[in-house]
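Novice: Next comes the sequence, and after it the predicted model I'd like to discuss.
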Amino acid sequence: MAYSGQCGDHREGGTERPGSQFWDLASELRSSMEPEEEEEEERWDGEGPGGHNTSVSMSRVIVHMDLDCFYAQVEMIRKPELKDKPLGVQQKSIVVTCNYVARNLGVKKLMAVKAAKEICPHLVLVNGEDLTPYRETSYKVTELLEEFCPLVERLGFDENFVDVTEMVEKRLKQQKTSSDLVVAGHVYNNHAIDLHDRTHVALVLGSQIAEDIRRAVATTLGLTSCAGVASNKLLAKLVSGTFKPNQQTVLLPQSRQDLLRALRGVQKIPGIGYKTAKRLETLGIESVWQLQTFPATALEKELGLSLARRIQKLSYGDDDSPVTPSGPPQSFSDEDSFKKCSTEAEVKEKLLELLPNLLERVYKDGRRPHTLRLTIRQSSSSERWFHRESRQCPIPPHLLQRFGQGNANLLSPLVDVLMKLFHKMINVEVPFHLTLLSVTFSNLKELPSTKKGSIGFYLKEMPPKRDREVDDGDAVWLQSHWRTRATKARRHLEEKDVPEAQVLNGPVPFSPHPVDHLEDTPKAMVCGQPEPTEVVVFPPDVDPQTFSELPPDVQEDLMAQWKSQEAISKPLEKPKATNEKRSSAQVNTLLRYLKPR
Ligand code: DCP
Ligand code: MG
């Protein structure tokens, strides 16, 4: 399972997508791309015409793998003496997971430490707030799976989907006769295998591959896991936990309905979250069966066409989303939660605690982040877990240069930048009460492969993405402007042998802007220069990423323009603790290149 985020403890947000978000996103994308098919619901209703799939083209074979009591397993590998003891992994006052020795004694995942200790007084607790060992193990598992097959998609830390269809097809071709084929692990509902059915044969071969994969993970990394084998991601995930721990289950098409209707409530379907479930509840829909049989037109009227069709398809187990290789992380983040943080000094202290580990991860990754985000959660009785607010800004160019050179001289200036973001959200002149701080580095780009004194950085970082609507005159102007700048920089370097970093050290553009939690859509931006009190507003339609990619001197020019524009339109103000949106007084032609696409 991926993180529910509900216990509000130390969690990792950016690199990993919470399970429900992932499914919502995947399905959202699907529903926006795929043509609407009227007969779709019938296809998965019961056995459909013909009972089972005898089509010539083979259906997909997807393996979902979920590691057993993941954090606890990692801890048992680190300290083998804990292996036979009841073990819980503690984050703040919660046992986020426990080994199966503890589970057999009644301890459950996400139990309060106090309750767990009452049930099992001998429970050994280890602190699991530093996610580093879990994260590292998690990536080792994914890398190992990728050795089997390139189509591996991560879901949270301890789950992976593997599309083994091609491997199955190869084995099918090698298979002279299917009469001696034996399924590995369980078959859901003990349904009989029909070796004349191509889909059954494919799933049996898939179960053998799943077993090979699990064995490899166990022998190479010492980790046991569960697996589900089915014809799509949704079904593979749903069936994988049928037998736990260290077991696997295959789902034949004929048992699809049984699996779905056995789910306790619509919210058990990945892709149907809390809010949707609540809306369905008002329509009297609580079980999967009720959702399947609810009149489509009425559902569409209540929820809108897209959502209604999507969730009704899911209720039938229909999911054609592909297994999309995850690739390297798109961001790095870390967060800490606490009962109370109510002074600037405490905020700084917490940021100084969070940053070193985070910077180390970015350093190890080798890419350079261009955007920095701060997320806070203020104490709120009504929306206890969900009330988060963020601001982000491009990382100032002079700091960008320091990434990849060790982290010592990054810490303090980054805290300064983060504190500026903090001040955009919190007015420190009135009492505040934070319960969470989270820092995210995103917009990761490869380090320019340049030698000292080369202009590789300039060339690599330009030109900006061209706006489709931009007119050619402007584009030519901008590009030639940049060429001139680059030529100047090159000459400067050749003549004076000045280290690149010095040439690139421009102003410290700084443009925090509010974002919805974990969304990158800019709403308004404010740009500040290094002097702590000076704040320059820049237009809200400027894309911060594109801005951060501009050469420092171009940034400087723009900043000067915005500053003067603002001076005309509005005298400088102290930043307010509101999500204010500001617009520029005039629109400069250059800005059109910076508009978010
Ligand atoms: N986790 C967490 N907070 C949560 C849920 C999970 O920190 N709210 C962590 C601890 C788990 C890991 O994520 O070890 C994986 O979550 P699972 O739900 O897959 O739980 P386990 O792997 O621990 O147990 P199982 O054997 O049931 O899969
Ligand atoms: Mg697990």
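Specialist: Cool, the structure landed. Ligands and ions are numbered 1, 2, ... in the order given.

Novice: pretty sure residue 267 contacts residue 274?
Specialist: Yes: using C-beta atoms under 8 Å, residue 267 makes contact with residue 274 at a distance of 6.9 Å. To be clear about C-beta, it is placed using only N, CA and C from the backbone, and glycine gets the same treatment.

Novice: Between the two, which is the more surrounded one?
Specialist: Comparing residue 267 with residue 274 by other C-beta atoms under 10 Å, the one with more neighbours is residue 267, at 18 against 12.

Novice: pLDDT value on residue 329, please?
Specialist: pLDDT recorded at residue 329 is 86.

Novice: I figured it hits residue 364, correct?
Specialist: No: Residue 329 is beyond contact range of residue 364, at 11.1 Å (criterion: C-beta under 8 Å).

Novice: residues near residue 284, how many?
Specialist: Per other C-beta under 10 Å, the neighbour tally for residue 284 reads 8.

Novice: what about it, helix or strand, and which?
Specialist: With secondary structure defined by DSSP states H and E, residue 284 is part of neither a helix nor a strand.

Novice: just to revisit the earlier point, give me the more crowded residue out of residue 329 and residue 364.
Specialist: Each of residue 329 and residue 364 has its neighbours counted (other C-beta under 10 Å); residue 329 has more, 20 against 9.

Novice: would the more buried one count as being in a strand?
Specialist: No: membership of residue 329 in a strand is not supported by DSSP: H, G, I helix; E, B strand; the rest coil, which gives coil.

Novice: For residue 440, see how far away it is.
Specialist: Noted for residue 329: a distance of 11 Å to residue 440, by C-beta to C-beta, to the nearest Å.

Novice: go on, residue 328?
Specialist: 15 Å.

Novice: So which residues on the stretch 1-150 of the chain come close to ligand 2?
Specialist: When proximity is defined by C-beta under 5 Å from the ion, the stretch 1-150 of the chain lies next to ligand 2 at 66-67, 70.

Novice: quick one: least confident helix or strand in this structure?
Specialist: Sorting the helices and strands of the chain by mean pLDDT, DSSP states H and E puts helix 500-504 at the bottom, at a mean of 24.

Novice: Please give the element, helix or strand, for residue 108.
Specialist: According to DSSP H and E, residue 108 maps onto no helix or strand at all.

Novice: Most proximal residue of the stretch 151-300 of the chain with respect to ligand 1?
Specialist: In the stretch 151-300 of the chain, the residue that lies nearest ligand 1 is residue 158 (4.2 Å; C-beta to the nearest ligand atom).

Novice: thinking that residue is in contact with residue 67, fair?
Specialist: Yes: Residue 158 lies in contact with residue 67 (C-beta under 8 Å); the separation is 4.0 Å.

Novice: Now list whatever residues contact both of the two.
Specialist: The contact sets of residue 158 and residue 67 overlap at residue 141 (C-beta atoms under 8 Å, 6 or more residues apart in numbering).

Novice: got the residues of the stretch 1-150 of the chain next to ligand 2 as CSV, with neighbour count columns?
Specialist: Shown next, in CSV, are those (neighbours: other C-beta atoms under 10 Å):
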residue, neighbour count
66, 21
67, 26
70, 23
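
Novice: Helices along the stretch 151-300 of the chain, start to end?
Specialist: Assigned by DSSP state H, counting those that start in this stretch, the stretch 151-300 of the chain shows helices spanning 165-174, 198-221, 233-240, 256-261, 274-282, 288-293, 296-303.

Novice: which helices and strands does the third one pack with?
Specialist: Under the contact criterion of 3 or more C-beta pairs under 8 Å, 6 or more residues apart in numbering; DSSP states H and E, the helices and strands touching helix 233-240 comprise strand 62-67, strand 159-163, strand 225-230, strand 248-250, helix 256-261.

Novice: same check, this time on the first one
Specialist: Taking 3+ C-beta pairs under 8 Å, 6+ apart as contact, the helices and strands that helix 165-174 lies on are helix 198-221.

Novice: List the buried residues in the helix it packs on.
Specialist: Within helix 198-221, the residues that qualify as buried are 198-211, 213-214, 217, 221, counting by 16 or more other C-beta atoms under 10 Å.

Novice: Test for you: state the pLDDT assigned to residue 59.
Specialist: Looking at residue 59, the pLDDT reads 89.

Novice: That one and residue 201 touch, don't they?
Specialist: No: in this structure residue 59 lies outside contact range of residue 201 using C-beta under 8 Å: 11.4 Å.

Novice: circling back to that earlier point, can you list the helices of the stretch 151-300 of the chain in JSON lines and add mean pLDDT?
Specialist: As requested, those are exported to JSON lines (pLDDT from 0 to 100):
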{"stretch": "helix 165-174", "mean pLDDT": "93"}
{"stretch": "helix 198-221", "mean pLDDT": "97"}
{"stretch": "helix 233-240", "mean pLDDT": "98"}
{"stretch": "helix 256-261", "mean pLDDT": "97"}
{"stretch": "helix 274-282", "mean pLDDT": "95"}
{"stretch": "helix 288-293", "mean pLDDT": "97"}
{"stretch": "helix 296-303", "mean pLDDT": "96"}
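
Novice: Which one of these lies nearest to ligand 2?
Specialist: Ligand 2 lies closest to helix 233-240 among these, at 9.4 Å (C-beta to the ion).

Novice: Say whether ligand 1 is contacted by that closest one.
Specialist: No: using C-beta under 6 Å from any ligand atom, helix 233-240 stays clear of ligand 1, coming no nearer than 9.2 Å.

Novice: Looking at residue 328 and residue 440, which is more packed in?
Specialist: residue 440 (22 against 10).

Novice: wouldn't that one be in contact with residue 372 here?
Specialist: Yes: assessed by C-beta under 8 Å, residue 440 is found in contact with residue 372 at 7.3 Å.

Novice: Identify the contacts common to these two.
Specialist: Contact criterion C-beta under 8 Å, 6+ apart; residues shared by residue 440 and residue 372: residue 392.

Novice: and the residue of the stretch 101-250 of the chain nearest ligand 2?
Specialist: Residue nearest to ligand 2 within the stretch 101-250 of the chain (C-beta to the ion): residue 158, separated by 4.4 Å.

Novice: which regions of the protein lie under the pLDDT threshold?
Specialist: Judged against pLDDT under 70, the low-scoring parts of the chain cover residues 1-58, 381-386, 448-597.

Novice: For it, what lies in contact range of ligand 2?
Specialist: Selection of the chain residues close to ligand 2 by C-beta under 5 Å from the ion yields 66-67, 70, 158.

Novice: where do the strands sit along the stretch 351-500 of the chain?
Specialist: Under the criterion DSSP state E, counting those that start in this stretch, the stretch 351-500 of the chain contains strands at 368-378, 388-394, 434-445.

Novice: Next up, identify which helix or strand residue 135 is on.
Specialist: helix 132-148.

Novice: Same check on residue 84?
Specialist: Using DSSP H and E, no helix or strand contains residue 84.
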